[in-house]
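K.L.:
need the 3D shape of this:
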Amino acid sequence: MSPPGVQQLLPLVEQLRPLYVDVAQGQQAFIPPVAEVQRMVQNYYNVKRTLLVRFGSDSLDQTPQISLWLQNGALIREGMDLTILGLHGDHLRPLRQPVPEVPSDLREYAGRGGDLLSQLAVMA
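P.N.:
Here you go, the predicted model:
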């Protein structure tokens, strides 16, 4: 890996250090107090471009607090590109993606391909 590539990875490694320490000390669950999350975000988060996704029906949403923490962080007070994207649904939405409608001719060709594979399997 080239030195510029290593330099790009260093901020990530620095942000993961507290996690490594917790795991090394036997931590098995990640349920930190809000004050600890705020401290970690403000002291360790060092990413210039950040996207926060806020879901309209999410009872767990903490986007406003996290946004403030990021904007007041010690590492990136100015020059941070922070975007907040609002989407319908809740925090489980990414797991429930709609299944696209497959055109009928494509379904027909897929069926033929399955039949061909079945015949080949019988011959083998």
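
K.L.:
flag the shaky bits of the protein, pLDDT-wise.
P.N.:
Residue ranges of the chain with pLDDT under 70: 1-2, 74-78, 95, 116, 124.

K.L.:
show me the strands in it, by range?
P.N.:
For the chain, strands defined by DSSP state E occupy the ranges 49-55, 81-87.

K.L.:
most packed of these?
P.N.:
strand 49-55 (a mean of 14; mean count of other Cβ atoms under 10 Å). Every C-beta, even on glycine, is put in place using the N, C-alpha and C of the backbone.

K.L.:
not counting its neighbours along the chain, what's nearest Asp58?
P.N.:
Counting by Cβ to Cβ, 6 or more residues apart in numbering, Asp58 lies nearest to Asp90, which is 4.4 Å off, once chain neighbours are set aside.

K.L.:
isn't that neighbour up against Val53?
P.N.:
No: between Asp90 and Val53 there is no contact under Cβ atoms under 8 Å: 11.1 Å.

K.L.:
tell me how far Gly114 lies from Glu108.
P.N.:
Between Gly114 and Glu108 the distance, using Cβ to Cβ, to the nearest Å, works out to 11 Å.

K.L.:
please read the previous query as pertaining to Ser118.
P.N.:
For Ser118, the distance to Glu108 - Cβ to Cβ - is 16 Å.

K.L.:
straight-line length of stretch 27-38, end to end?
P.N.:
For stretch 27-38, the first and last residues are 19 Å from each other (Cα to Cα, to the nearest Å).

K.L.:
what residues does it touch?
P.N.:
22, 40, 65, 69 (Cβ atoms under 8 Å, 6 or more residues apart in numbering).

K.L.:
how does it look with 10 Å?
P.N.:
Stretch 27-38 is touched from outside by 18-19, 21-23, 39-40, 62, 65-66, 68-69, 72-73, with contacts defined as Cβ atoms under 10 Å, 6 or more residues apart in numbering.
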